[in-house]
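Asker: my questions concern the predicted model and sequence given below.
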Amino acid sequence: MADFSFDRHAFWAGFRDIVPLAVPGIPFGFVLGVVIAESGLDRFVAWLSSPLVLAGASQLAAIELLAESAGAAVVLVTVAFINSRHLMYSAVLRPTFSNFPNWFKIIGPYLLIDQAFALAITQPDDTDDRARMWHFLGSGALVWLVWMVSTGMGVVVGDITKPEWQLGFAVPLLFGGLMIISITNRAGIVAAVVGAVVAVLGADLPQGSGVLLAIVLGVVAGGFADTRLGATPEATP
Amino acid sequence: MSLFLTILSAGVITYVTRASLIIAGDRVTLPGQVERALKYVAPAAFAAIAAPALLGGDQFAAFGDDMPRIIAVLLAGVVIARTRSVPLSLFAGMSALWLILWVS
C-alpha cells in the first residue's frame, strides 16, 4: 500500500494555487446569496445548498425555480442537467484517482468543482500520487471556504440591498456570460440558440418545465449538429 | 416536497454525478454518443436559463423600457467574449445598467 499520509506542502500549495481561480467566484457567490435573501424562501435552508450542492450555476437555477414555486421534479432534473458536466470531469479524472485510497474516492468527488477540476488536470505529469491527492484536497478546501463565505455574505447583506438596484439582473447576465464561455464550436451555438428559443416560447409551461424542455432539445440539437458539422476545432480554455 | 428535502436531493444527485465514475472505477464506461452530447449541456442549459430572465417575464413590453437592459446585456456580452472573465462582464453590465437608469 502506497503512502498517502498528509502532505502538508502539497496541501498548502493546492490551497494557494487555486486562489486566482477562486477569486472570480466571490461576486458569483455574493449574487447567489442576495438572490437567496430576496427569494422569499427560508434563507438558511436555501443557503444550505452551498454545502450540500456546491455548484453555483445549478444552485442559482434551483433557487430561481423554487422561488417561482416550480415543482421539485423540475428543480431536481434541471440541477441534474446543469451538473451533468461533472460526469465528464469524473470520467477525465478517473485514471488519475484510480490509485488513491478509498476514503479519498468518497470525499474527493464532493470537491470536484469546476475550478478544482481545471487545476487538477493541469498538474505536471511527474507529480507523485500522494502530492497530487493532497494538492487536490487543498485546492478543494479553499474553493469550499470561499463559496461558503461569499454566499453567506450575500444572504446577510441581501437585506440592505434595494429592489431598484436591480441586482437580480446580475443573474441572467451571469448565465449569459457562462453560456458564451461554454460555446467552443458551431454545434455549441446551435445548442444555445435552440435552448434560448425553446425556453422563451415555453416560459408559460407549468412548473417551469419549459426550461427543462429547452435544455433537452438544446442538447439533442447540439449533439445532432456535432455529428453533421463534424468535429470543428475546439478552443481549449 | 419540503424545501430542505428538495435541496438535499439536489445535493445527492450532484454528488452521485461527480462520484459515480470515480467510485465505479474501470467497470463502467460512457457510450461515445453520450460523452459527445454532454459537451452541449452547458451552452443549452445556460441559454435556457438566461433567455427568459433577460426578457424579464414581460416579453413584449414597450421596447423603450427594455433599452437599458438590452444595452447592459450587449456590453456584458462583448466584455466576456473578449476577456473570458465573468466578474468583469458582470461589472460592466451592471455599471452600464445603473448609469443609464441614473442618467434617464
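Answerer: Happy to help now that I have it.

Asker: what score does the residue nearest the centre of chain B have for pLDDT?
Answerer: The centroid of chain B falls nearest to B:F46 when counting by CA atoms, centre = their mean (3.5 Å). Note for B:F46: predicted pLDDT of 85.

Asker: now for whatever helix or strand it lives in, which elements pack on it?
Answerer: Assigned by DSSP states H and E, B:F46 belongs to helix B:41-54. When contacts are defined as 3 or more CB pairs under 8 Å, 6 or more residues apart in numbering or on different chains; DSSP states H and E, helix B:41-54 packs onto helix A:56-67, helix A:72-82, helix A:170-182, helix A:186-201, helix A:209-229. Glycine gets a C-beta too; all of them are placed from N, C-alpha and C.

Asker: pull out the buried positions in the last one.
Answerer: Of the residues in helix A:209-229, A:209-219, A:221-226 count as buried by neighbour count, 16 or more other CB atoms under 10 Å in any protein chain shown.

Asker: near chain B, from these?
Answerer: Contacts with chain B within the buried residues of helix A:209-229, as defined by CB under 8 Å from any CB of the partner chain: A:G210, A:V211, A:A214, A:I215, A:L217, A:G218, A:V219, A:A221, A:G222, A:G223, A:D226.

Asker: with adjacent residues omitted, what lies nearest to the first one?
Answerer: Read that as A:G210. In this structure, A:G210 finds its nearest non-sequential neighbour in A:G202, 2.7 Å apart by CB to CB, 6 or more residues apart in numbering or on different chains.

Asker: let me see the contact set for the one you found.
Answerer: Contacts for A:G202 (CB atoms under 8 Å, 6 or more residues apart in numbering or on different chains) come out as A:S209, A:G210, A:V211, A:L213, A:A214.

Asker: got it, and A:V219?
Answerer: Contacts of A:V219 by CB under 8 Å, 6+ apart are A:F81, A:A191, B:A37, B:Y40, B:V41, B:A44.

Asker: list the buried residues of stretch B:71-89.
Answerer: B:A72, B:V73, B:L75, B:A76, B:G77, B:V79, B:I80, B:V86, B:P87, B:L88, B:S89.

Asker: all set, thanks.
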